[in-house]
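> Fold the following, please.
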Amino acid sequence: MDRVEDCISFLIGKAGQQIARRARDKLAAYAVTPTQYAVLKVLWEQDGLSGAELGGRL
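Predicted coordinates for the structure are as follows:
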């Protein structure tokens, strides 16, 4: 059996964790969470959305 560290799904999961950590670290300088950033990005692209429309785009 392969070591868990060699399995592609494990490696993809670890890469995702590193990306999320780096995003949190970068956004922390602006006191913004990744979720808040996602909302702000959608609103930047399309201002004036209702709450339902905003939720649908996230």
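> what's the nearest residue to the residue nearest the centre of the chain if we skip its chain neighbours?
Nearest to the mean C-alpha position of the chain, counting by C-alpha atoms, centre = their mean, stands Pro34 at 5.4 Å. Take Pro34 and drop its neighbours on the chain: the residue closest to it by C-beta to C-beta, 6 or more residues apart in numbering is Ala23, 5.3 Å away. (Glycine included, C-beta is placed from N, CA and C.)
> cool, Glu5 as well?
Leu11 (7.8 Å).
> quick check: mean pLDDT across the helix or strand hosting that neighbour?
Per DSSP states H and E, Leu11 falls inside helix 8-28. Mean per-residue pLDDT for helix 8-28: 95.
> in the helix or strand immediately after that helix in the chain, what counts as buried?
Next in sequence after helix 8-28, counting helices and strands by DSSP H and E, comes helix 34-45. For helix 34-45, a neighbour-count test (16 or more other C-beta atoms under 10 Å) marks 39, 42 as buried.
> starting at the chain centroid, how far to helix 34-45?
10 Å (C-alpha atoms, centre = their mean, to the nearest Å).
> model confidence over that helix, on average?
Per-residue scores along helix 34-45 average to 92.
> for that helix, packing partners?
If contacts are counted by 3 or more C-beta pairs under 8 Å, 6 or more residues apart in numbering; DSSP states H and E, helix 34-45 sits against helix 8-28, helix 51-57.
> right, so of those, which gets closest to Leu43?
Nearest to Leu43, of all the helices and strands packed on helix 34-45, is helix 51-57, at 7.1 Å by C-beta to C-beta.
> re earlier: which outside residues touch the helix holding Leu11?
Contact with helix 8-28 is made by 4-5, 33-34, 36-37, as judged by C-beta atoms under 8 Å, 6 or more residues apart in numbering.
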